[in-house]
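>>> Next come a sequence and a model predicted from it.
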Amino acid sequence: MLFNKHIAIVSILILMFALSCDDYSELEEDPVASGEADFSTYIAVGNSLTAGFQSNALYESAQKFSYPNLLARQFHAMEQFTQPLISDPGIGGRIELTSINPLGTTTNQQQGQPINQGEKPFENLGVPGAVLVDYANPNNSGMLKERATDPSHPAFNPFYSIVLEESELADDAPKIHDQVAKQEPTFITFWLGNNDVLGFVTSGGEGQGITPPSQFAQLYGASAQLMASTGASVVVYNIPDVTSIPFVFLLRSQLEQRGAITFNETSQSYQLVTEQGNFDIFINVDGTPQVMRQDDFLLLRAQSYFAQVQAGNVPPPIQPQNAIPDNLVLDGNLATQGVPDSELEQAAGAVAQYNASIQDIASSSGFALVDVNNIFNQIIANFQSNPESGGYQTNGLTLQPVPGSLFSFDGVHISNRGAAVVTNETIDVINEFFGAGVERIDVSDIPQGLPVVSE
Amino acid sequence: MRRIIATVCLIFLGSSSAFASGFSIYEASVRANGMLGAFSAYADHASTIFYNPAGLGGMEGLNISAGASIIAPRSSFRNMTPLAPHGAKYEMKEQEFFVPNFYATYEITDGLTAGLGVYAEFGLGTEWDQDWAGRASSTKASIETITVNPAVGYEIANTGIGTIRLGAGLRAIAHGTVELARAVTDFTPEGSFSLEGDLKEPAFGYNLGIMYSPLQEVTLGFTYRSSIEAEFEGEAEFNNLAVGFPETARGGTKIEFPASYVVALNVKPIPNLTLEADYLWWGWSSYDELVINFDQPIPALASPESPDGSRINNPRNFEDSYQIRFGAEYSQFGVEGLTLRGGIAYDENPIPERDVDPTLPDSDRIEFSGGLTYAVSDHIEIDAAYIFIRANQRKVEDTRSGIDGVYNTYANIPSLGITLNY
């Protein structure tokens, strides 16, 4: 009798266990409203900014926050969006933080490796270093094949073969468009052209030349035609003004703020502040020493030069024979130089003409345009009028156009959060242009991911 | 008898944390579990020390009750952040928490009874994979506590308007640990932070209760449990964070465990049937922030609120909440010595949408229970109960932690115990 009762009790307990149920619901949400666009096959075309290059390297932790990847997430199309990932610390020589206070950085000499080459073709076709001619490659003019596949070529760029399929590069006259077309995109973002002027700027006008604006317009038109032929919806980005990157504008204003240099209103020249008084600073312009003026910018790379000057290892640039080397300065003396001689004028003029072409071609091709140039200029203006708290306000954050905030440590490429800002600006354009309903990103949710030295 | 107590104490030392609305645990007695905690006007069991110490009044002889619940919560998260693919599913690590309880009462003189309860009234345990989308918010959170609750109750039998019982107790959190861990994603490579703290010193509060029975078949109960502020201290570790962090630091935090009160009605409409309804209020608004103080400046944690980074402040912003609990008990099934119970409860969660995070993916719940007692002899009764908790699917957007998504949570809580009456 007692035994039967026990069986009854145990049975009840077993029954209660059995009644407990499992996770019962699945996440069912309305698909993203895409309006007149179709996000089902999204392909991103571009250069290092599109690839997710940061702090002088292309590495996985930053690639995860490339603006195309963030955009694809907001399209809820992530399972189809792959990128050519490279293990940390990436390829390029990553700039890493060594201390916070005082701020110190170093360059990591180690190189990462491609980790998912088997997943080709990729949807993010951003190639660091790519120039506009690479897309349409008319008449094999940029000789992409040599730059992409011949390590002995002076302009060899390893990223093409990491990003593009081997079969595409095997072509006699390869072009990025062939890869794009093969993947039958329904939606394309296109941000090329920065390197057509940026290489000139970052080398202080000493390296790569500027693509002539007329040629740029031709190449852009050819690229637009090819993209239009795919039937995809297209969003294009214009080119930020060269003075809106910290690589160009930051060091001079930092030195001014620190009181190391000052602008003399009377002589209209920049002067070095020393214990013996203030002396005009000389810069080397094409072999000729000249006094540094309002439109001459010290490139971020000159940081170590000024550190050496301060340490007494390099004579101060207050004598013509000790002028600051040409490749550390973007000179652009508007008043005294003709346009062809001024690096700043050449670059700024080219950018203005590029952007005019981009606007025309986008409009005639029915492409949406993200006016990055205008957005960056506004951010810089806001920041320079109020260096303490100015910048880009979003989601309770104030992002400043400096390394470690909107920009990564190289002063040229946007950071994780900078990419989120570009994503949101793109989303605004997409929603407006295509009548879509893509949700913006909360930029404060995006981790900063500042590279630091490992233990 | 001494051996039994010693054994129970050993079990307590090995006890682990648990999971309930907010981070309270109301499963403090197997018999009460059967009625889903609708027990604050029940009185007739030693665990009344927790549910309403007034119930001690008039309790005769020596009564001992010991038992344990196994709390097995399961949660999943579907991602809506830009940190991972939309809809990606993450499962909270499966954990089972062993939550024991022990009560003893002894009648000192006619109407006056003293007792001692030992139970875990607050606890929490959530753990997620190291690489999951919300790792910057939490990879592990755990709170364990053991409360020791000596109490007395007194019965005033002939008041002319019925029976009144009064009770009071001292609640001492005698053992406690806190563990928090999360990834630090603002740096590449990512690092991690963890804090393992122990209760610095016993933390004290109290409980009070009154029961009023105008008729033998009707009892009204009210009980109040004070809040308890407990301080935890221990080692903070910073892993793989070479810049701006020390390797280790001492860290501490204070947690104010909330006050609560219960209004209860117990009715016996027919012989052998007991019905009870309880309304519980929880003062969760006391848990408005979780502050961690370090013994040194940590430059990488510098913020406007803490310029030297020696303090992290996590807003919690819990709100007061309530629960409604119904229980029934019937003991005339034709099986000698068998009593069956059942219960149903609604449990409102205290966390506003903006402050839901993966340390505690809380949601309003519906709970069901069944239970039984089988009297093996005049002195020995076996108690068993089973609770199933289903939390409503909860979709959170625009959260402070940034971990937006959809949580699904349920829990199974079997429990087993013994009651001895002499």
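Structure's in. What do you need?

>>> Now do the helices in the stretch 1-150 of chain B.
For the stretch 1-150 of chain B, the helices defined by DSSP state H, counting those that start in this stretch cover B:2-13, B:30-34, B:48-51.

>>> From the contact counts, what lies against the second one?
Secondary structure elements in contact with helix B:30-34, counted by 3 or more Cβ pairs under 8 Å, 6 or more residues apart in numbering or on different chains; DSSP states H and E, are strand B:62-79, strand B:338-347, strand B:365-375, strand B:380-391, strand B:405-421. For the C-beta atoms, the positions are set from N, CA and C on the backbone; glycine is no exception.

>>> cool, the shortest one as well?
On a contact count with 3+ Cβ pairs under 8 Å, 6+ apart, helix B:48-51 meets strand B:97-109, strand B:112-119, strand B:140-156.

>>> any idea how far B:Val243 is from the closest residue to chain A within the stretch 151-300 of chain B?
Distances between the stretch 151-300 of chain B and chain A by Cβ to the nearest Cβ are smallest at B:Thr185, namely 3.6 Å. Between B:Thr185 and B:Val243 the computed distance is 15 Å (Cβ to Cβ, to the nearest Å).

>>> same thing with A:Asn377?
33 Å.

>>> next one: whichever strand or helix holds A:Gln359 to chain centre, how far?
For A:Gln359, the element it lies in under DSSP states H and E is helix A:343-365. Distance of helix A:343-365 from its chain centroid, counting by Cα atoms, centre = their mean, to the nearest Å, is 18 Å.

>>> that older thread, and the pLDDT for the residue lying closest to the residue of the stretch 151-300 of chain B closest to chain A once chain neighbours are set aside?
Leaving out its chain neighbours, the residue that sits closest to B:Thr185 by Cβ to Cβ, 6 or more residues apart in numbering or on different chains is A:Pro447, at 3.6 Å. We have a pLDDT of 94 for A:Pro447.

>>> How about the contacts made by residue 298?
Answering for chain A, as no chain was given. Shown in contact with A:Leu298 (Cβ atoms under 8 Å, 6 or more residues apart in numbering or on different chains): A:Leu251, A:Arg252, A:Leu255, A:Phe306, A:Ile324, A:Leu328, A:Val329.

>>> Can you look at chain B instead?
Per Cβ under 8 Å, 6+ apart, neighbours of B:Ile298: B:Phe238, B:Gly244, B:Phe245, B:Pro246, B:Ala249, B:Asp308, B:Gly309, B:Ser310.

>>> Now, of those residues, which are buried?
The neighbour count (16 or more other Cβ atoms under 10 Å in any protein chain shown) marks B:Phe238, B:Gly244, B:Phe245, B:Pro246, B:Ala249, B:Gly309, B:Ser310 as buried among the contacts of B:Ile298.

>>> any chance of the contacts of A:Leu298 in TSV, with pLDDT, distance to A:Thr274 and neighbour count too?
Below are the contacts of A:Leu298 laid out as TSV (pLDDT from 0 to 100; distance: Cβ to Cβ, whole Å; neighbours: other Cβ atoms under 10 Å in any protein chain shown):
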residue	pLDDT	distance to A:Thr274	neighbour count
A:Leu251	90	18	22
A:Arg252	91	17	22
A:Leu255	89	13	20
A:Phe306	87	13	22
A:Ile324	93	15	25
A:Leu328	91	20	22
A:Val329	89	20	29
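
>>> Please confirm that B:Ser285 is located within a strand.
No - with DSSP: H, G, I helix; E, B strand; the rest coil as the criterion, B:Ser285 is helix rather than part of a strand.

>>> neighbours around it, how many?
Using other Cβ atoms under 10 Å in any protein chain shown, B:Ser285 has 14 other residues around it.

>>> Now do the contacts for it.
B:Pro258, B:Phe318, B:Glu319, B:Asp320, B:Pro350.

>>> Now the two most distant members of those.
The largest separation in these, counting by Cβ to Cβ, is between B:Pro258 and B:Glu319 at 10.8 Å.

>>> The two: who's more crowded?
Set side by side, B:Pro258 and B:Glu319 show more neighbours around B:Pro258, with 24 against 17, by other Cβ under 10 Å.

>>> what sits opposite the residue in the stretch 251-400 of chain B that chain A sits nearest to in the beta ladder?
Proximity of the stretch 251-400 of chain B to chain A (Cβ to the nearest Cβ) peaks at B:Tyr386, 3.8 Å away. Under the criterion DSSP bridges, B:Tyr386 forms beta bridges with B:Gly370, B:Pro414.

>>> now do the one 4 residues further on
On the basis of DSSP bridges, B:Arg390 is bridged to B:Ile366, B:Tyr410.

>>> about what we covered before: of the helices and strands packed on helix B:30-34, give the one that comes closest to A:Pro246.
strand B:62-79 (33.2 Å).

>>> Identify the neighbouring strands of that closest one in the sheet and state each direction.
strand B:89-91 (antiparallel), strand B:97-109 (antiparallel), strand B:405-421 (antiparallel).

>>> Any chance of a markdown table for those, columns mean pLDDT, distance to B:Thr163 and mean neighbour count?
A markdown table is the format used below for the strands paired with strand B:62-79 (pLDDT from 0 to 100; distance: least, Cβ to Cβ, whole Å; neighbours: other Cβ atoms under 10 Å in any protein chain shown):
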| stretch | mean pLDDT | distance to B:Thr163 | mean neighbour count |
| --- | --- | --- | --- |
| strand B:89-91 | 94 | 52 | 16 |
| strand B:97-109 | 96 | 16 | 21 |
| strand B:405-421 | 95 | 21 | 21 |
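
>>> Out of these, flag the one nearest B:Phe50.
It's strand B:97-109; of the strands paired with strand B:62-79, that one is closest to B:Phe50 (Cβ to Cβ) at 7.6 Å.

>>> Please compute how far that closest one lies from its chain's middle.
Counting by Cα atoms, centre = their mean, strand B:97-109 comes out at 17 Å from the chain centroid.

>>> and if you look at stretch B:80-94?
On Cα atoms, centre = their mean, the centre of stretch B:80-94 falls 27 Å from that of its chain.

>>> With stretch B:382-396 instead?
13 Å.

>>> Just the buried positions in that stretch, please.
B:382-391, B:393-396.

>>> same check, this time on stretch A:93-109
Of the residues in stretch A:93-109, A:Gly93, A:Arg94, A:Ile95, A:Glu96, A:Leu97, A:Ile100, A:Thr105, A:Asn108 count as buried by neighbour count, 16+ other Cβ under 10 Å.

>>> Between the residues you listed, which sits nearest chain B?
Closest to chain B out of the buried residues of stretch A:93-109 is A:Ile100 (4.2 Å), distances taken as Cβ to the nearest Cβ.

>>> what's the closest non-adjacent residue to residue 362?
In the absence of a named chain, chain A is used. Using Cβ to Cβ, 6+ apart and skipping the chain neighbours, the partner closest in space to A:Ala362 is A:Leu369 (4.3 Å).

>>> The intended chain is chain B.
B:Asn349 is the one closest to B:Asp362 (Cβ to Cβ, 6+ apart), at 4.2 Å.

>>> closest to A:Gly126 among the contacts of B:Ser285?
Closest approach to A:Gly126 among the contacts of B:Ser285 (Cβ to Cβ): B:Phe318, at 44.8 Å.

>>> which residues pair with B:Lys89 across the strands?
Applying DSSP bridges, one finds that B:Lys89 bridges with B:Arg78.

>>> So it versus B:Val396, what's the distance?
Taking Cβ to Cβ, one finds B:Lys89 at 15 Å from B:Val396.

>>> any idea how far whatever residue of the stretch 1-150 of chain B ends up closest to chain A lies from A:Val45?
Across the stretch 1-150 of chain B, no residue is closer to chain A than B:Pro85, which sits at 3.6 Å (Cβ to the nearest Cβ). Separation of B:Pro85 from A:Val45 (Cβ to Cβ) stands at 22 Å.

>>> These two - which one has more neighbours?
Using other Cβ under 10 Å, the more surrounded residue of B:Pro85 and A:Val45 is A:Val45, with 27 against 17.

>>> The more buried one belongs to a strand?
Yes - residue state for A:Val45 (three-state DSSP) corresponds to a strand.
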